[in-house]
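Visitor: model the structure of this input:
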Amino acid sequence: MIRIAFAGDRDISVWVLEYLLREGVRPLALCVSDPERATHSEALKRMCTFLEQDRILIGTRFREAEGLDLLRSLDLDFVIGVHFPYLVRTDVLQTARQGVLNLHPAYLPSNRGWHTPSWAILDGTPYGATLHFMDENIDTGDIVHRKRIDVSPGDTANTLYQRVKRLELEVFQEAWPGLSDGTFKRLQQTGLSPVTIHQRKELLTPGIQRIDMNTMTKAGDLINRLRALTTDRSSEAAYFERDGVRYRLQLTVKEEPILVEELSRKYHAKWRELLVSPELSILETMRIMEHGTQEIVIVVDLQGNLLGTVTDGDVRRGILSGLSLSDPISRIMNPEAVTITPRTSPHEAREIMLNRVLKHLPVVDEMGRVVGILAWAALQTALADSP
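Guide: Numbers count the residues shown, from 1 in each chain. Okay, the predicted model is just below:
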């Protein structure tokens, strides 16, 4: 049976210990934070009632002589650290046969050190979770397993941290079978990039937190700064000062999907000029296309219901087949036009256009009425405008 000591705090440490206990792995010793800084020490201790009190090391006792003697006496394979907020010295690293593992909320080697979600947003670095061996330096030891997570434009440091903790549990669960049977691999961080590291105090400096009300800045940079400094602690928030008072700012981001009906109106305000009658001649249709700089018209009845579409390609094919320019476009229109609804998302519309090789899509409501036209160029502009 694999022999471990467990050192942790925060809810993620509880989740990892729950997993280990379900796997039948009981720690031979438990290291927890001191009461002044702990959040989940009591929960961890309640999960380890099978341990004698002298096997529970509180605060820095794990690196004092008595604690070191205990850890050395247990013939450990691993010490597993999960958000354990203490520096681990070399003598502690040497207490386990395989080494001391650390579960870190970052995609190493990016964001070594503190406040990793904040710096991932501020620096634009890759983010994720990593299980790695500890060494004498900060988060530089060999990697056992790591996974990336996308940083959403709507993420604050706090929401990103909540999401990455779930990923950390996933990383640990995926790595554990190899650790328990000895088949795990070690990936050295040497040569990996990008490498970033931040100390705890860096985020708390006026240069990062203070907003100068008289300095011009890009809206995107300011929003990213507010996102990065929105944590679960107001003391870490951005602030501005006025008349001897400091005002802290925390950001609430609400995601609201943009629908194609809105895009069709925003980027194609004159779309109604492309609605035509089925009796319109081919020649008049060509003039409308040329005047509107579009390569399509939408054929509708008197109630505005969709009958079909006519593209410049339909016009060319009709003329080549022998039709007269005075013939009605009902003879060349496509009655099986691909359409979307007002509630189609821009990304769904983009997939339809790519798959069907279309430059335009009529937007049709539940009654069959045309309520807009979405052009490929407008859609690309809208998606490019998104942060």
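Visitor: just the strands in the stretch 151-300 of the chain please.
Guide: 197-198, 238-242, 245-249, 275-276, 296-300 (DSSP state E, counting those that start in this stretch).
Visitor: flag the shaky bits of this structure, pLDDT-wise.
Guide: By pLDDT under 70, the weakly predicted segments of the chain are 257-261, 263-269, 292-293, 385-387.
Visitor: quickly compare the strands of the stretch 151-300 of the chain and say which is most buried.
Guide: Greatest average neighbour count among the strands of the stretch 151-300 of the chain goes to strand 296-300 (a mean of 25), per mean count of other CB atoms under 10 Å. Placement of C-beta: from N, CA and C, glycine included.
Visitor: which strands and helices sit next to that one?
Guide: Contacting strand 296-300 under the criterion 3 or more CB pairs under 8 Å, 6 or more residues apart in numbering; DSSP states H and E are the following elements: strand 275-276, helix 282-292, strand 306-311, strand 370-375.
Visitor: beyond the longest strand belonging to the chain, next helix or strand please.
Guide: Longest strand in the chain by number of residues (criterion: DSSP state E): strand 96-104. Helices and strands here follow DSSP states H and E; after strand 96-104, the next one along the chain is strand 112-113.
Visitor: which strands and helices sit next to that following strand?
Guide: Using 3+ CB pairs under 8 Å, 6+ apart, strand 112-113 sits against strand 197-198.
Visitor: what lines up beside the strand it packs on in the sheet?
Guide: With DSSP bridges as the test, strand 197-198 is paired with strand 112-113 (parallel).
Visitor: ok, then the element right after the partner strand?
Guide: Per DSSP H and E, the first helix or strand lying C-terminal to strand 112-113 is helix 116-123.
Visitor: so the longest helix along the chain versus strand 96-104, what angle?
Guide: Counting residues, the longest helix in the chain under DSSP state H turns out to be helix 157-181. Calculated by axes from the mean of the first three to the mean of the last three CA atoms, to 10 degrees, helix 157-181 forms an angle of 160 degrees with strand 96-104.
Visitor: same for helix 157-181, what does it pack against?
Guide: Packed against helix 157-181, as judged by 3+ CB pairs under 8 Å, 6+ apart, are the following elements: helix 10-22, strand 76-82, strand 96-104, helix 116-123, strand 128-133, strand 143-148.
Visitor: can you list the buried residues in it?
Guide: Within helix 157-181, the residues scored as buried using 16 or more other CB atoms under 10 Å are 157-161, 163-165, 167-169, 171-172, 175-176, 179-180.
Visitor: so it versus strand 143-148, what angle?
Guide: 140 degrees.
Visitor: now helix 157-181, how far from the centre of its chain.
Guide: Centroid displacement of helix 157-181 relative to its chain, using CA atoms, centre = their mean, to the nearest Å, is 15 Å.
Visitor: check stretch 191-199 too.
Guide: Centroid displacement of stretch 191-199 relative to its chain, using CA atoms, centre = their mean, is 20 Å.
Visitor: what residues does the closest residue to I121 other than its chain neighbours make contact with?
Guide: Take I121 and drop its neighbours on the chain: the residue closest to it by CB to CB, 6 or more residues apart in numbering is A228, 4.0 Å away. Contact analysis of A228 by CB atoms under 8 Å, 6 or more residues apart in numbering lists P117, S118, W119, I121, L122, T156, A157.
Visitor: the first one - how many residues pack around it?
Guide: When you say that, I think you mean P117. Residues near P117, counting by other CB atoms under 10 Å, number 27.
Visitor: for it, what are its contacts?
Guide: So P117 contacts P105, Y127, D155, A157, N158, L160, Y161, V164, A228, T231 (CB under 8 Å, 6+ apart).
Visitor: now do the contacts for the first one.
Guide: The contact partners of P105, taken as CB under 8 Å, 6+ apart, are H83, T116, P117, A129, Y161, V164, K165, E168.
Visitor: next one: the last one
Guide: Contacts of T231 were listed using CB under 8 Å, 6+ apart, and they are H115, P117, S118, T156, A157, N158, Y161, A237.
Visitor: how far away is the second one from L160?
Guide: What that stands for is P117. With distances taken as CB to CB, to the nearest Å, P117 is found 4 Å from L160.
Visitor: who touches both of the two?
Guide: Joint contacts of P117 and L160 (CB under 8 Å, 6+ apart) are Y127.
Visitor: the longest strand of the chain pairs with which strands?
Guide: strand 76-82 (parallel), strand 128-133 (antiparallel).
Visitor: alpha carbons only: can I get that strand in CSV?
Guide: Only the C-alpha atoms of strand 96-104 are listed here, as CSV (Å, rounded to 0.1, in the frame of the first residue of the first chain):
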residue,chain,number,x,y,z
ALA,A,96,9.5,11.0,1.3
ARG,A,97,11.1,8.4,-1.0
GLN,A,98,9.6,9.8,-4.2
GLY,A,99,9.3,13.4,-3.1
VAL,A,100,6.8,16.1,-2.2
LEU,A,101,4.0,16.8,-4.7
ASN,A,102,2.3,20.1,-5.1
LEU,A,103,-1.0,20.8,-6.8
HIS,A,104,-0.7,24.3,-8.2
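Visitor: tell me the angle of that strand relative to helix 10-22?
Guide: Going by the same axes, to 10 degrees, strand 96-104 makes 140 degrees with helix 10-22.
Visitor: quick one: strand 96-104 to chain centroid distance?
Guide: The answer for strand 96-104 is 28 Å, by CA atoms, centre = their mean.
Visitor: what angle sits between that strand and helix 116-123?
Guide: 50 degrees.
Visitor: next, the buried residues of strand 96-104.
Guide: Buried residues in strand 96-104, counted by 16+ other CB under 10 Å: A96, Q98, G99, V100, L101, N102, L103, H104.
Visitor: ditto for stretch 281-291
Guide: I282, E284, T285, M286, I288, M289.
Visitor: of these, closest to E42?
Guide: Of all those, M289 has the smallest distance to E42: 73.2 Å, by CB to CB.
Visitor: ok, now which ones touch that closest one?
Guide: Counting by CB under 8 Å, 6+ apart, M289 makes contact with E295, I296, V297, D312, V315.
Visitor: coming back round to it: in TSV: the helices and strands packed on helix 157-181, plus distance to L249.
Guide: Shown next, in TSV, are those (distance: least, CB to CB, whole Å):
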stretch	distance to L249
helix 10-22	25
strand 76-82	32
strand 96-104	28
helix 116-123	14
strand 128-133	28
strand 143-148	29
